[in-house]
Structure formats: C-alpha cells, structure tokens
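**Student:** pasting a predicted model and its sequence here:
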Amino acid sequence: MASKLLDRLRRTLFKEGEHPADADEDADGTDDFPESSELEDDTDYVSARLGGTLSFEGDAVLDSEDAGEASGQDSDSDFFGESLDNPCSSTDISPTSPTLKGSNMLTRQLQESWRSLRPRCVSEKLIFEVTDANVVQEMSSKYVLYTIHVIRSGTFDKTPGVITRRYTDFERLHGRLRRRHGDEMEGVYFPRKKLRRNFAAETIAKRSRAFEQYLGHLHSLPELRATPIFLEFFYLGDLRAGQMLLRVGRYQEAVGALLNALRLQEKLGCQQLLQQQPLQKAHWLFTLAALVSCFQDLEQPIEAQENCDRALQDLAPSPEALKQQPPPPQLHPLLVPLLQANVRLSWKISKDKRRWEALLQDIQELGVDLGSQLILKECLIKENLEDSEGDAKSKSKGEEHA
C-alpha cells in the first residue's frame, strides 16, 4: 500500500511538469530520472519495514491490498494509552518489522525497570545540619555550643534527632577514631582550633559548615558509620541523661532525653547492628526498657506496652531456643522484668498477653525463680552505661551542660 501511495505521488508530480514533446521519453522514465530506480528500490524497502504498522480509516483512505492492514490505531493518544496499559503493541506481532519489535522490547524492558526501581528511587541518607550556635560563658571557661539536627533525607522527617556539642566533643571524637581506625580516617578533614577570634560570627559560621561536612563525611564511609565510637557520639549522652533523670524521679524530662536517644539510634541504623555489636544491643534495649519504666510511672500504659513489646521482639528467645539451654538458662537481666511488665500492661489495656505468659511459664519450668527477680526500675538504675572504650564515668549531656 505504501508503494501505491508513493507511486501515485510520483506520477502526479511528473504529470504536472511534463511537456507534449517529452511524452515518448516519459514512457520509460529511467533515462531522464535515473534516481527513480533507486526510489522504487527504497519504496520496497520502506514498505517492507513499515508492513503491518500503517493503518488508515475513513472514506478518504485508499483501499488496502490486504484487509488485515486496515486495522490499527487511529490516533496517537490511543497508541500511547495502549502502550501504558499494555506494553505489547500491534507491531510486536508483525513478522516484517524486526527493527520496531526490538525497539518495543527495549521500551518494555525500560518500563519494567522503572516500575521496579520506582519504590527505591528516593534514596535515604542522613543530613547533619547546624541549626544554632551559642556562646556559653561559665565561671572558668567560655565555649561555643552547637545545636545539630540529624535528619533523614528523601522523606519529610517530622522527628529529627537533636544533639548539642562543643568543639572539644568533636575533637575527642576525631582523636578516638584516629586511634582505633587510623587507616579509614586517612583523608578525613577536621577543622583546626584557632588561637584568636574563636567567638567571631564569621569563625562560628565557617566552623558550623565544617562540622556538618565532617559528620557527613564520616557517615558516608561504611567502615566508620557503624563503629561504636561514631554511634555513641550521638546518643550516649542522652541515654546517660535519661538514666540520671530516672534515678531522681523526673520521669517526664527523662522521656524527652530517652526519646531523642531512640530517634538517633533509629536514624543511625543501630537496630540493624544488634547481632554484630553487643554493646549497641545493650544500649538499644536499655533505651526501650527505660521508656517502659518512665511511661508506667507517668500512667501512660499504651506507650509503655508498645515500647515493651518492641524490646521483647529483639530480646525474647523462641520456645525452641529456650528449651535447648541447660537449666537454669542464662537469660538477659532485663528479660524477666520486661516479660512481667508486659503481662501487667497488656492486661491493663485489654491486649492479648498469652504469648508472654507462656514464655514466663517456660522459663519457670527451667528452674528460674521468678519471684526473686529485680523489678524493671531497679535493673535500670543499677545499669552501668559504658561506652565502647569501657568508660562509664564520662559526663552525660545533662551533667556537662547543666
């Protein structure tokens, strides 16, 4: 059909320009128009390539050689609509269109790849943003206290983690990382301390940007962002402050510090490191257990039970694993207090507690005296929150900046 159209168009053009004297010469036409033979060859080639893809409808359209060629898309919008709903178009079944078939196969592959990657196209990473910097004047010292928000990018982070640190805190972090991970720290820039103009606005602004870049650089290195030294720099101060406030009965203030410590641990991915790093597991479980205790004393049983459930998901052994231990089993010191607290809280809020009652029964049958166990608050007060270097006497955030 395409050859008929091209042939009719060519003859029309020739008739418009011919002269009577040239009628005989036009009989063969190949002498004066040597390119016509090439045009005919190209016409056959084009027709072969487009076979099965062209379609015409309506009264003004020429009749087709094959009735099957008359079926097809009547508009671009219909074609694109079908392509989106069903990637296989009519060209895929044409035996004479290998080029377009391959193109459509590539299109389908790209569409499938896009669909599979679309849920993951929003990459998540942490942003460290200095939102405030205040000059603090104490009796014997003067320093700048930087407020840093830890934000998860890629989504709207409604609950950023917040830390306040001074230059010496960053300097201590850098020194510890260099001692423990010297090879990985090669090329990590740390802003130097200046002897003059430390409290000038320009110096504070430049140092704020430098600290943002410094933390971002550390977190971008897989070998460093999972190290206990880097992780504890963010959350351990709030964890110790929460324990101190819990000891003195200031539960509402303790909840604020503990929730911030929990948010920081979540953003830093500490929960994924519980099996590899026992110290981070101890800190994670302490955070959740301390929240349980504080919410209990604040008479918020729903929040207490939610954190209790969350802690037991990471702590409670399966009945099969428990039975494999020789009696009496070696249990985590927080396990029985959390189980007992969860049973009471679940009963209070009318939630199913049979799973935890059954686990307590299994523990008792293995020879553990449940009546002699410490209550949850006593365990938390006596807990010694050490860092990765064995230091349990470091000042907490509340003690250092009170």
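**Tutor:** The structure has been received and is ready for your questions. Keep in mind the model is a prediction, meaning the values are calculated, not measured. Numbers count the residues shown, from 1 in each chain.
**Student:** for the stretch 251-400 of the chain, which segments count as helices?
**Tutor:** Secondary structure of the stretch 251-400 of the chain (DSSP state H, counting those that start in this stretch): helices at 251-267, 278-297, 301-315, 319-323, 335-348, 354-365, 376-382, 397-400.
**Student:** can you pull the buried residues of the fifth one?
**Tutor:** It refers to helix 335-348. 335-343, 345-346 (16 or more other C-beta atoms under 10 Å). Bear in mind the C-beta positions are built from the backbone N, C-alpha and C, glycine included.
**Student:** what sits up against that helix?
**Tutor:** Contact with helix 335-348 is made by 289, 292, 296, 301, 304-305, 308-309, 311-312, 315-316, 351-353, 356-357, 359-360, 363, 368, 370, 373-376, 379, as judged by C-beta atoms under 8 Å, 6 or more residues apart in numbering.
**Student:** just the angle for that helix relative to helix 278-297, thanks.
**Tutor:** Angle of helix 335-348 versus helix 278-297, following axes from the mean of the first three to the mean of the last three C-alpha atoms, to 10 degrees, is 30 degrees.
**Student:** helix 335-348 vs helix 301-315, what angle?
**Tutor:** 140 degrees.
**Student:** cool, the longest one as well?
**Tutor:** Relative orientation of helix 278-297 with respect to helix 301-315: 160 degrees, computed using the same axes, to 10 degrees.
**Student:** and the gap between Asp375 and Gly242?
**Tutor:** Just so we're on the same page, residue 375 is Ile rather than Asp. Between Ile375 and Gly242 the computed distance is 18 Å (C-beta to C-beta, to the nearest Å).
**Student:** which of the two has more neighbours?
**Tutor:** Gly242 (32 against 12; other C-beta atoms under 10 Å).
**Student:** and that one, what element?
**Tutor:** helix 228-247 (DSSP states H and E).
**Student:** buried ones in that helix?
**Tutor:** 228-246.
**Student:** angle of it against helix 251-267?
**Tutor:** Using the same axes, to 10 degrees, helix 228-247 lies at 160 degrees relative to helix 251-267.
**Student:** show me what helix 228-247 is packed against.
**Tutor:** strand 161-166, helix 167-180, helix 251-267, helix 278-297, helix 376-382, helix 397-400 (3 or more C-beta pairs under 8 Å, 6 or more residues apart in numbering; DSSP states H and E).
**Student:** Serialize these to CSV and add fields for mean neighbour count and mean pLDDT.
**Tutor:** CSV is the format used below for those (neighbours: other C-beta atoms under 10 Å; pLDDT from 0 to 100):
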stretch, mean neighbour count, mean pLDDT
strand 161-166, 20, 96
helix 167-180, 16, 96
helix 251-267, 21, 97
helix 278-297, 22, 96
helix 376-382, 17, 95
helix 397-400, 18, 44
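**Student:** for the ones you listed, which one sits closest to Arg152?
**Tutor:** When the helices and strands packed on helix 228-247 are compared by C-beta to C-beta, helix 251-267 sits nearest Arg152, at 5.6 Å.
**Student:** helix or strand with the lowest mean pLDDT in this protein?
**Tutor:** Lowest on mean pLDDT, DSSP states H and E among the helices and strands of the chain sits helix 76-85, with a mean of 37.
**Student:** residues in contact with Thr159?
**Tutor:** Arg263.
**Student:** that one and Lys267: what is the separation?
**Tutor:** Counting by C-beta to C-beta, the gap from Thr159 to Lys267 is 9 Å.
**Student:** mind exporting the C-alpha coordinates of stretch 279-290 to CSV?
**Tutor:** Only the C-alpha atoms of stretch 279-290 are listed here, as CSV (Å, rounded to 0.1, in the frame of the first residue of the first chain):
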residue,chain,number,x,y,z
LEU,A,279,27.3,-3.0,73.4
GLN,A,280,24.9,-1.3,70.9
LYS,A,281,22.3,-4.0,71.7
ALA,A,282,22.6,-3.3,75.4
HIS,A,283,22.1,0.4,74.8
TRP,A,284,19.2,-0.2,72.5
LEU,A,285,17.4,-2.4,75.0
PHE,A,286,18.1,-0.1,77.9
THR,A,287,16.6,2.8,75.9
LEU,A,288,13.3,0.9,75.3
ALA,A,289,13.2,-0.5,78.8
ALA,A,290,13.8,2.9,80.4
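**Student:** doesn't Cys294 make contact with Val255?
**Tutor:** Yes - using C-beta atoms under 8 Å, Val255 is in contact with Cys294, at 4.9 Å.
**Student:** out of the buried residues of helix 335-348, which is nearest to Ile151?
**Tutor:** Leu338 (31.2 Å).
**Student:** look at that closest one and report its pLDDT.
**Tutor:** With respect to pLDDT, Leu338 has a value of 97.
**Student:** about what we covered before: now the helix holding Gly242: average pLDDT?
**Tutor:** The pLDDT scores in helix 228-247 average 96.
**Student:** now name the helix or strand holding Ala133.
**Tutor:** strand 126-137.
**Student:** which element follows that strand toward the C-terminus?
**Tutor:** In N-to-C order, the element after strand 126-137 by DSSP H and E is strand 142-152.
**Student:** what helices and strands are in contact with that next one?
**Tutor:** Applying 3+ C-beta pairs under 8 Å, 6+ apart, one finds that strand 142-152 makes contact with strand 126-137, strand 161-166, helix 167-180, helix 201-220, helix 251-267.
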